[in-house]
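> Based on what follows, work out the 3D shape:
(chains A and B)
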Protein chains: 2
Amino acid sequence: MVESSEEKKRISESTIHRLSIYYRALSLLEKEKHETISSKELAKREKLTPAQVRKDLSFFGSFGTRGLGYNVVELKQKIAGILGINRQWRVALIGLGNIGSALVSYKEFVRQGFNIMKLFDNDQRKIGSNHKGIIVSDIKNLESELKEANIEIVIIAVPATVAQYIVDNVVEAGVKAILNFAPINLRVPPDVYLRNENMSMELEYLSFAMVNNHTPKRVKI
Amino acid sequence: MVESSEEKKRISESTIHRLSIYYRALSLLEKEKHETISSKELAKREKLTPAQVRKDLSFFGSFGTRGLGYNVVELKQKIAGILGINRQWRVALIGLGNIGSALVSYKEFVRQGFNIMKLFDNDQRKIGSNHKGIIVSDIKNLESELKEANIEIVIIAVPATVAQYIVDNVVEAGVKAILNFAPINLRVPPDVYLRNENMSMELEYLSFAMVNNHTPKRVKI
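Numbering: from 1, shown residues only, chains lettered A, B, ... in the order given. Below is the predicted model of the structure:
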């Protein structure tokens, strides 16, 4: 785990994203029966520099054995611990429109330990129906049901117009982590973690790159 | 537009994302009938510092009038030009699984000028069917149909196992911009722009933050 608060501040968003990438690479290496991997090989697979890989991993103490590289299983487990995906998370999803419905069956979530246990909507035709094994709850009971189910992470997939109202209720229920798909800048208290996902902005990055002949940079996966 | 190659190098990924955010804020301000906005107000709305806003906008020449701030419509149009969303883009989507199907009706794409004109799948039950007004094409004809339709951007929503093969074909067809939803690190030639979208990684950022009590930072929207 992270050692000191000094250390904490130095971990950038891109380092965290690269840890996610290393985790996936190591999962694949484990399947392919590799026992060890050097920072050089790992870097080559992910098109990074060996120095970058060594720097990223050094944040979390020393793993590697000189000459032999890293033990694949051990490094994978260590990164899982750092990312907090060596455990199961209780997730609720609010809003069963196109994106929300698609996310319910997004296999990568379950694979990484993010288990959607509750679904909420305000549509009477959806409330009470069985959606991939989960009975859809009435948004009216959001606060009490989030508390009752000990939900730790909430995914917001409601229209932008109601997103702030919904988020206020989620925060009121004591949830500390929110992933927002509504195209709006939400306000949350400083002790709540918020991430925003807007697929159109990724396309805007591409159109920017094409219009300006911008050098491609693969910082995000 | 960007002035020199010197200038180009200095535009970071986060600046581009913030431009997308400003564009959305300005669209809303326009709807609310605001004629001008100061960097201070814009910063406050988006929870940034006025210095940051001024710095971002200064990359692209001087817009503001001292004391009056920026003209909302003018600034919005200027940013649209920079981001390349003052025009329409011809987009194709490959893979009509859960995520792919949801993206076809993602309104934000159309709103920003990204028009999905072609859909591809390998499922015989889907090929030839009408999906939101578009006849689904056979993936076998990918290369010729991408060329014929002058597709400029491709969205990949196929399983990870086939994604590299599909992308090779997309590149072969001359497409220079790809948004990838498959959870895999794809290889493309240096002249092709690639962005990856992995919703699970955003959840991993949240779990990392919770496990390590990491200071929330709202760098991405």
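> Doesn't A:Gly100 lie inside a strand?
No - counting by DSSP: H, G, I helix; E, B strand; the rest coil, A:Gly100 is not part of a strand but helix.
> Do I have it right that it meets A:Ala157?
Yes - taking Cβ atoms under 8 Å as the definition, A:Gly100 is a contact partner of A:Ala157 at 3.5 Å. The way it works is simple: take the backbone N, C-alpha and C, and place the C-beta from them, glycine included.
> Give me the common contacts of the two.
Shared contacts of A:Gly100 and A:Ala157, defined by Cβ atoms under 8 Å, 6 or more residues apart in numbering or on different chains, comprise A:Leu93, A:Ile94, A:Phe181.
> Settle it for me: which of A:Gly100 and A:Ala157 has more neighbours?
A:Ala157 (26 against 21; other Cβ atoms under 10 Å in any protein chain shown).
> For chain B, state which of the shared contacts of A:Gly100 and A:Ala157 is nearest.
A:Phe181 (8.5 Å; Cβ to the nearest Cβ).
> Now do the helix or strand hosting A:Gln164: which elements does it pack against?
Using DSSP states H and E, A:Gln164 sits in helix A:160-172. Applying 3 or more Cβ pairs under 8 Å, 6 or more residues apart in numbering or on different chains; DSSP states H and E, one finds that helix A:160-172 contacts helix A:142-148, strand A:153-156, strand A:177-180.
> Among these, which comes closest to chain B?
That would be strand A:177-180 among the helices and strands packed on helix A:160-172, by Cβ to the nearest Cβ, at 4.2 Å.
> Show the average pLDDT along that closest one.
Averaging pLDDT along strand A:177-180 gives 97.
> helix or strand right after that strand?
Later in the chain than strand A:177-180, the nearest helix or strand by DSSP H and E is strand A:193-196.
> wait, does that next one contact chain B?
Yes - Strand A:193-196 is in contact with chain B by Cβ under 8 Å from any Cβ of the partner chain, via A:Tyr193, A:Leu194, A:Arg195, A:Asn196.
> need the contact list for A:Ile116.
With Cβ under 8 Å, 6+ apart, A:Ile116 has these contacts: A:Val91, A:Ala92, A:Leu93, A:Leu103, A:Val104, A:Phe109, A:Ile134, A:Ile155.
> In the strand or helix carrying it, which residues are buried?
Assigned by DSSP H and E, A:Ile116 belongs to strand A:114-121. Neighbour-count burial for strand A:114-121 flags A:Phe114, A:Ile116, A:Lys118, A:Leu119, A:Phe120, A:Asp121 (criterion: 16 or more other Cβ atoms under 10 Å in any protein chain shown).
> can you check stretch A:42-56 too?
For stretch A:42-56, burial by neighbour count (16+ other Cβ under 10 Å) applies to A:Leu42, A:Ala43, A:Arg45, A:Glu46, A:Leu48, A:Gln52, A:Val53, A:Arg54, A:Asp56.
> was I right about the third one contacting A:Tyr22?
No - taking contacts as Cβ under 8 Å, A:Arg45 lies outside contact range of A:Tyr22: 9.5 Å.
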